[in-house]
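# Fold the stuff below for me.
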Amino acid sequence: MTSVFPRCLVSSSTSSASISLPNRPPLRYAVLGAGFAGISVAWHLLKDCPKELSLSVDVYDEVGVGGGASGVSGGLLHPYSPKGKLLWHGAECWRECLELLNVAETTAASSSSEVEKGDCNQSFGNFMVRRRGILRPATNAKTLSLMTDNARNCLAGCVVETIDKDVAQNLVPNLGLPLNCAFYLPGAMNVNPQRYLQALFQACQNSARESLGKTNITLVKKSIDDLLELEGEGEYDAVVICLGSKLNFLPGLTGKLPLRTCRGVITHLQLHESVRGSYPEGGPSILSDAWLAVQGPRDLHMGSTWEWQSRNYSPDVSAEEASRALAELLPKASAVYPDIDKWEFAGARAGLRAMPPVTSHGSLPLLGCIDQLIGAAEGGACKYWLFGGLGSRGLLYHGWLGKLIAKAVLCCNEELLPSELTSWKINRVKS
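Have a look, this model is predicted:
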């Protein structure tokens, strides 16, 4: 594969980074994938490009915005590990994610009277952000000790409160508490991933319109199964690959990335109107061995299963697969929320996640220039970029990391990325 040396927005060889503007044609970028990573990159490319320049972004996704694993995710948002430890650069990730949520909510509110910020409609999925917090019951002594210690170093913007049985059951009546203690994250939230991503893409379109022709964004409903296909789409200054689990199936990358695939099934449960009682209107979602993402008083999502090394990225779930998921998840959920036995199965969806290796900083996404990896290196160019391996934390990571890689792409400078996110390339050479 050959590539033309991409035109860089700024000179990354100097700290002052001067912009060159000699009658240049519009910068053209291709973003492959319209999930958390792809839409975040597209937004930041549009926003971080100086207003003096013209820029065009083509987002490729065969099923549209949020149609892959991102759109099927549980949507529980907080910056902590299962043991309550603040994740790597959790403060930055949390801040940037909240910023993008605000952009999406503002866009949705201005374009539709049906969507209001913080709305929590009782209909399934009819909200963008449900701000009711997240509750994690302590289920064993080891977890209790670790989370108690880690809670002391929590973010001011997403505090972790240790609460007793009475307080916890006031939030969720009949909650199961083996150790009479729980951890409450009042600032955590539940995000509807599809509505959020669609609103953020709408914000990208609005931004382009407001530029009066200086910037443009196009959604191309087409699958890119080989990077060579882009040669027929005209010359791009850079290509950012945000294909999630499909990275492993892309020629040129197959077998070259330290990623494992994992299929997760998420079930949709409803409480029939004939059943007395309902989930508390202000009740938080629940994290445990199985999580419950509350959609409304009579609607919730329960997840997730973990089928490692799966190659099935279809969102559709067969009756047999759904039955296996329920058999696995219901006992776990019932241990902390016994009333789940009253709820009825209403459907299931699945997503295939790309899981990165575990490092000393935890499981971190893979970022960086991959020209050499795919045999496209000429003259030290940075044309092909990777943003993948978000695993089960795509919602938290996508905002900050999308901002970082957009800047690196615009500057053709991989050194703008944290070394922890590009070290996988060094480790690959060593292995």
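# Now residue 334: closest residue in space, sequence neighbours ignored.
Sequence neighbours aside, residue 340 is the residue nearest to residue 334 in space, at 5.3 Å (criterion: C-beta to C-beta, 6 or more residues apart in numbering). Heads up, the C-betas are built off the backbone N, CA and C, glycines and all.
# Just give me the neighbour total for that neighbour.
23 (other C-beta atoms under 10 Å).
# residues contacting it?
By C-beta atoms under 8 Å, 6 or more residues apart in numbering, the residues touching residue 340 are 269, 292, 302, 330, 333, 334.
# now it, what's its secondary structure?
Secondary structure assignment for residue 340 (DSSP: H, G, I helix; E, B strand; the rest coil): helix.
# Could you pull out the helices in this protein for me?
36-48, 69-72, 90-111, 141-151, 165-171, 193-210, 319-336, 394-411, 419-430 (DSSP state H).
# Quick one: these as a markdown table, columns for distance to residue 186 too.
A markdown table is the format used below for the helices of the chain (distance: least, C-beta to C-beta, whole Å):
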| stretch | distance to residue 186 |
| --- | --- |
| helix 36-48 | 24 |
| helix 69-72 | 26 |
| helix 90-111 | 14 |
| helix 141-151 | 13 |
| helix 165-171 | 10 |
| helix 193-210 | 21 |
| helix 319-336 | 18 |
| helix 394-411 | 17 |
| helix 419-430 | 30 |
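# which one of these lies closest to residue 259?
The closest of the helices of the chain to residue 259 is helix 419-430. By C-beta to C-beta, the value is 9.4 Å.
# got the contact list for that closest one?
88, 256-258, 356-357, 359, 361, 364-368, 370, 373, 401, 414.
# okay, the angle between that helix and helix 394-411?
80 degrees (axes from the mean of the first three to the mean of the last three C-alpha atoms, to 10 degrees).
# Going by neighbour count, list what's buried in helix 419-430.
420, 421, 422, 424, 425 (16 or more other C-beta atoms under 10 Å).
# can I assume residue 221 is in contact with residue 62?
Yes: counting by C-beta atoms under 8 Å, residue 62 is a contact partner of residue 221 at 6.0 Å.
# Identify the residues contacting residue 138.
144, 147, 177, 178, 179, 181, 182, 183.
# Kindly recompute the last result at 10 Å.
144-148, 162, 168, 177-183, 288 (C-beta atoms under 10 Å, 6 or more residues apart in numbering).
# Phi, psi for it please.
phi -80, psi 120 (degrees, to the nearest 10).
# Residue numbering should commence at 538 henceforth.
I'll keep to 538 as the first residue from here, and by that count the last item is residue 675.
# what about the strands in the stretch 688-837 of the chain?
Using DSSP state E, counting those that start in this stretch, the strands of the stretch 688-837 of the chain run over 698-701, 718-722, 726-728, 752-757, 775-778, 797-807, 822-823, 828-833, 836-840.
# now for the second one, which elements pack on it?
It stands for strand 718-722. strand 671-674, helix 678-688, strand 698-701, helix 702-708 (3 or more C-beta pairs under 10 Å, 6 or more residues apart in numbering; DSSP states H and E).
# Could you list the paired strands of that strand along with their orientation?
Neighbouring strands of strand 718-722 in its sheet, by DSSP bridges, are strand 671-674 (antiparallel), strand 698-701 (antiparallel).
# do the third one as well
Within its sheet, and counting by DSSP bridges, strand 726-728 is paired with strand 613-614 (antiparallel), strand 666-667 (antiparallel).
# Pull the residues that contact the first one.
To tie it back to what came earlier, the one meant is strand 613-614. Contacts for strand 613-614 (C-beta under 10 Å, 6+ apart): 631, 634-635, 638, 666-667, 671, 695, 722, 724-728, 730, 733, 822-824, 828-831, 838, 840, 929-930, 932-933.
# Then stretch 892-900?
Under the contact criterion C-beta under 10 Å, 6+ apart, stretch 892-900 has outside partners 618, 622, 624-627, 782, 794-799, 843, 845, 901-903, 925-930, 955, 957-958, 960-961, 964.
# if you set the cut-off to 6 Å instead, what comes out?
625, 795, 797, 799, 902, 903, 926, 928, 957 (C-beta atoms under 6 Å, 6 or more residues apart in numbering).
# Report pLDDT for the last one.
Yep, that's residue 957 we're talking about. As predicted, residue 957 sits at a pLDDT of 97.
# Repeat that for residue 675.
For residue 675, pLDDT reads 94.
# Could you report the separation of it from residue 697?
12 Å (C-beta to C-beta, to the nearest Å).
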